[in-house]
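Colleague: Return a 3D structure for these sequence lines:
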Amino acid sequence: MDAVILGGAENTGALKKSAGARYEAQIEIGGRPMIDFVAAALEQLENIDRVVVVAAEEVAAGLKGKKIWKVVPPGPDMVESLHRALRVLQQGENVLVLTADIPLITAEALRDFLRQCQKREAEIYYSLVPRQVIEERFKGVQRTYVRLKDGTFTGGNVVLLDPEAVLAYSDYLRQAVQLRKHPVKLCRLLGIKFFLKFLGGQLTVSEIEARVEELIKLKGAGVVTMYPEIGIDVDKPSDLQFAQAILEQRATGL
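Modeller: As a prediction, the model looks like this:
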């Protein structure tokens, strides 16, 4: 399969006070840009054929020695950036999509996610990480959580998808991406019945999957992963400090 790294976000948010890089993917940890950690994890996966990086040329230039098949300029939003990469690939096989702001990601975590995806038939596989898993491994890190009947989860930053299906439902996907940090607003898209169940903590992952397929004919699968690295992105100063500390520990073997 092929892979896409989304690294087009400009550094205009909360991280700007902590790092002066023009793009978030350029922010350095231990002398390496964040996107480099993601590319390095992908290089360790045996079944990845081509890697497309959606980013400015100056961001891609920081990927020294990495096997990048093509660099695509980012679009005005994440969905358009993804579309540009998928159009370049022009193949029907599933594509692994990752954001560039997950420097803690490991090849082991990605292998496990892909193995779990193989157990089900779907057009888009979305990663979910249980709160307990994150708090046991990375105590003190702050995430946005959703309480479902199956458990309390944070959304991951790794997705496996069918390019043709995603390109066909771009409008709904754009809404979902815009609201990804606001679970209550996102759940309203499912309808009042499901929204009320969500508020009561009684909505299940399987019900969400079925409702999404009913609304937009897109078969989705929520994949629960026990690898917290998938759910840790860097979008605020405290996240950056946390990632720096963890990566320093890894580098020293602690």
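Colleague: In a strand, Tyr125, correct?
Modeller: Yes - Tyr125 sits within a strand when classified using DSSP: H, G, I helix; E, B strand; the rest coil.
Colleague: For this structure, give me the ranges with low pLDDT.
Modeller: In the predicted model, the chain carries pLDDT under 70 at residues 170-172, 174-182, 253-254.
Colleague: who's in contact with Thr154?
Modeller: By C-beta atoms under 8 Å, 6 or more residues apart in numbering, the contact set of Thr154 is 128-129, 131, 134, 143-146, 231. For glycine as for every other residue, the C-beta is placed from the backbone atoms N, C-alpha and C.
Colleague: Run through the bridge partners of it.
Modeller: In this entry, Thr154 is beta-bridged to Val129, by DSSP bridges.
Colleague: sorry, back to before: select only the buried ones of the contacts of Thr154 in PyMOL?
Modeller: The buried residues among the contacts of Thr154 can be selected in PyMOL (16 or more other C-beta atoms under 10 Å) with this line:
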select buried, resi 128+129+131+134+143+145+146+231
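Colleague: so Ile35 touches Glu58, yeah?
Modeller: No - counting by C-beta atoms under 8 Å, Ile35 sits too far from Glu58 to count as a contact (11.4 Å).
Colleague: Neighbour count: these two, which is higher?
Modeller: A side-by-side neighbour count of Ile35 and Glu58, using other C-beta atoms under 10 Å, places Ile35 first with 29 against 12.
Colleague: Alpha carbons of the host helix or strand of the more buried one, as PDB, please.
Modeller: Ile35 is located in helix 34-43, with elements delineated by DSSP states H and E. Only the C-alpha atoms of helix 34-43 are listed here, as PDB (Å, rounded to 0.1, in the frame of the first residue of the first chain):
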ATOM      1  CA  MET A  34       8.500  16.500  13.800                       C
ATOM      2  CA  ILE A  35       7.600  15.200  10.300                       C
ATOM      3  CA  ASP A  36      11.000  13.300  10.200                       C
ATOM      4  CA  PHE A  37       9.900  11.000  13.100                       C
ATOM      5  CA  VAL A  38       6.700  10.100  11.100                       C
ATOM      6  CA  ALA A  39       8.700   9.400   7.900                       C
ATOM      7  CA  ALA A  40      11.200   7.300   9.800                       C
ATOM      8  CA  ALA A  41       8.400   5.100  11.300                       C
ATOM      9  CA  LEU A  42       7.000   4.500   7.800                       C
ATOM     10  CA  GLU A  43      10.400   3.500   6.400                       C
END
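Colleague: how about it: buried residues?
Modeller: So for helix 34-43, counting by 16+ other C-beta under 10 Å, buried means 34-42.
Colleague: between those, which is nearest Gly191?
Modeller: Val38 (35.5 Å; C-beta to C-beta).
Colleague: The biggest helix by length in the chain to helix 34-43, inter-axis angle?
Modeller: Longest helix in the chain, counting residues (DSSP state H): helix 237-252. Relative orientation of helix 237-252 versus helix 34-43 (axes from the mean of the first three to the mean of the last three C-alpha atoms, to 10 degrees): 50 degrees.
Colleague: what sits up against helix 237-252?
Modeller: 14-15, 17-19, 27, 29-30, 34, 37, 103-104, 138, 140-142, 232-234.
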